[in-house]
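*Asks:* From the sequence below, what's the structure:
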Amino acid sequence: MLLTRKGFVKVAVEQGLDGGIIPVYHYGNTQVFDFWPQSLANVARKNRSALGFLVGRWGTPVPRKVPLYMVSLQLL
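*Replies:* Take a look at the predicted model:
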């Protein structure tokens, strides 16, 4: 199954995307939420699964107010 998958770039090129592909990167996303309980973080990473919760401001799922920066490059 994995051998027959196509990436979104290959599909866009095959379909003749008019506008092109714009590479974008965001800085600061890792500071918006924390993983809780921290003791499950290594197990979750090893199993590639979500075993805990993402918590933000005041221990709730509300994201923290941190500066997020977006960098976009020229069309590919």
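
*Asks:* residue closest to the middle of this structure?
*Replies:* Compute the mean C-alpha point of the chain, and by Cα atoms, centre = their mean the closest residue is Asn29, 8.3 Å away.

*Asks:* my guess is it contacts Pro67, does it?
*Replies:* No - applying Cβ atoms under 8 Å, one finds Asn29 not in contact with Pro67, separated by 11.1 Å. Glycine gets a C-beta too; all of them are placed from N, C-alpha and C.

*Asks:* can you give me the helices in the chain?
*Replies:* Per DSSP state H, the chain carries helices over the ranges 8-15, 41-47.

*Asks:* In TSV, list those helices along with distance to Val71.
*Replies:* Listed next are these as TSV, based on distance: least, Cβ to Cβ, whole Å:
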stretch	distance to Val71
helix 8-15	19
helix 41-47	27
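
*Asks:* For my notes, please list the ones you listed in JSON lines and give mean neighbour count for each entry.
*Replies:* Shown next, in JSON lines, are the helices of the chain (neighbours: other Cβ atoms under 10 Å):
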{"stretch": "helix 8-15", "mean neighbour count": "11"}
{"stretch": "helix 41-47", "mean neighbour count": "11"}
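
*Asks:* Compile the ones you listed into a markdown table and extend it with columns for mean pLDDT and distance to Phe53.
*Replies:* As requested, the helices of the chain are exported to a markdown table (pLDDT from 0 to 100; distance: least, Cβ to Cβ, whole Å):
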| stretch | mean pLDDT | distance to Phe53 |
| --- | --- | --- |
| helix 8-15 | 80 | 29 |
| helix 41-47 | 88 | 11 |
